[in-house]
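Asker: coordinates only, sequence not included:
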C-alpha cells in the first residue's frame, strides 16, 4: 500500500502576469556527496519552482560572454527569482549583469518586459566554485506557460563551465554585455544548451506545490520537437494547470545518459538528488523515472542493485518530507544494447516498482508505451525512431498516465 501522505507545509504565495522576478542564495555542491540546501539570508526563501534543469559540466568557461536563455514556466506567480549555478566550476564566476523578460520571438523580447535582476541589492555577483546563488525577488508577476528570457553577462570566468547540454530549446549567445537590450540585434549566435541558469522560482497562490521529474534522456526530451515544449514533463505541466491540482510547478531534472547508480553523464541520481530535487523550493514530490541506462550499460546493473538504488532515493526523499512516485521502465527492444538478460532485469525492476508498496504512487509507463504485439518494444505510433525514446505522441501519453492525486502528498 502507498505510504500515508505527509502534511503540507503552509506558505503564503500568489499568481500570474508579464514581469519577471528572482532571488538570492548560495550553497556548495561537492562532487560525490549530496549538496547542502542553501541557507541563511541568501537562501531560496519561500516560493515554488516553475522551471529547472539539471547542472553538469558542459565545456570551458570564458570571460566577456553573454547568454540569453529561453525557459518555459509551468506555474505563474509573483516575486520571480533565478538560481545561478557554478556547481561544476573549479574557479569563481562573476555575473556582471543579469536581466529577465518575456520572449516575443527568437532573441527579441516583449517591449517593456526586460528588467534588471539584483543579488543582495547589487547588480553583480561572484559565485565561488561549487556554489549557487539566488537573485532577489523581482516585483511584479510572471505568467504560467510563458517563455522567459533570462539574460546573463559573465564578466569573469574560467575553468569548467556549468550548464545543461541538451535543452531541446534554442537560446542565444553574444560577446559583451547586451543583457538590457530587448532587441535581437546583438544576439545572433544560437545554442541548444543552457548555461549557469538551473532554476526559476515564483510565489504562486496559497497551497501550490511542485513536482520534480528525476530522469534521463527521455525526461530530458530527446526525440520530442525542439522549441515546442513537448517533453513529457511539459505535457504534465499543462495537464496539471487544468486538473484542479494543488501541485502545478514542474521541474525537469532529466540528464541524457544519466544512471541511478553510477556517475556519467552527470552525477548519478543518488548523488544529485539533493541539488536537483530536494533543494528546489516548493517541491512536494520526486517523480523517479530512471533505470534503463543502468540496465543497458556494460556491464549492466542487476535488478538487486537497481532496487537498492531506488530504496536509497526513496528513503532520502521521505526523510526530507517528500513523496516519491515511481514510473516503470519503458521497453527498449530494438535498441542496440537490448538483450534478453537486460529485459529480464527490466521486468524484475518493474515488478518491484509496481508491487512493492514502497513508492507513494506509481505511473506505469511500461504499460502505456509497450506494443500490444510485442510488449518488449515501444508501440510504433509512440516510437521516436530509435526504439528507446518516445516521440511527441508518446511523451503526451506518458503525461496522461500520471494521476495528479499521487503528486500532492509531501511537504513543499
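Answerer: Thanks, I have it. On a predicted model such as this, the values are computed, not experimentally measured, just so you know.

Asker: partner residues bridging the residue nearest to the spatial centre of the chain?
Answerer: The centre of the chain sits closest to residue 252, judged by CA atoms, centre = their mean, with a distance of 2.5 Å. Judged by DSSP bridges, the bridge partners of residue 252 are residue 213.

Asker: Please look at it and residue 219 and confirm they touch.
Answerer: Yes - here residue 252 reaches residue 219: they are 6.3 Å apart, a contact under CB atoms under 8 Å. In short, each C-beta sits where N, CA and C put it, glycine included.

Asker: Need the residues touching each of those two.
Answerer: Counting by CB atoms under 8 Å, 6 or more residues apart in numbering, the residues touching both residue 252 and residue 219 are 213, 231, 233.

Asker: Now pLDDT too, for those residues, in a markdown table please.
Answerer: Putting the shared contacts of residue 252 and residue 219 into a markdown table (pLDDT from 0 to 100) gives the following:
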| residue | pLDDT |
| --- | --- |
| 213 | 98 |
| 231 | 98 |
| 233 | 98 |
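
Asker: my guess is residue 310 contacts residue 353, does it?
Answerer: Yes - in this structure, residue 310 is within contact of residue 353 by CB under 8 Å, at 7.5 Å.

Asker: what's the overlap in contacts for the two?
Answerer: Common neighbours of residue 310 and residue 353 are listed as residue 326 (criterion: CB under 8 Å, 6+ apart).

Asker: Tell me the spatial nearest neighbour of residue 361, not counting adjacent residues.
Answerer: Closest residue in space to residue 361, ignoring its immediate chain neighbours: residue 406 at 2.9 Å, by CB to CB, 6 or more residues apart in numbering.

Asker: which ones are touching that neighbour?
Answerer: Contact partners of residue 406, counting by CB under 8 Å, 6+ apart, are 2, 285, 323, 325, 360-363.

Asker: Give me the subset of those lying in strands.
Answerer: With DSSP state E as the criterion, strands contain 285, 323, 325, 361-363 from among the contacts of residue 406.

Asker: Now do the residue nearest to residue 361 against residue 331, distance only.
Answerer: 22 Å (CB to CB, to the nearest Å).

Asker: Spit out the contact partners of residue 294.
Answerer: Each residue near residue 294 by CB under 8 Å, 6+ apart is listed here: 259-262, 300-301, 305-306, 309.

Asker: from those residues, which ones fall inside helices?
Answerer: In helices, defined here by DSSP state H, the members of these are 305-306, 309.

Asker: Relative to residue 90, which of those is nearest.
Answerer: residue 309 (28.1 Å; CB to CB).
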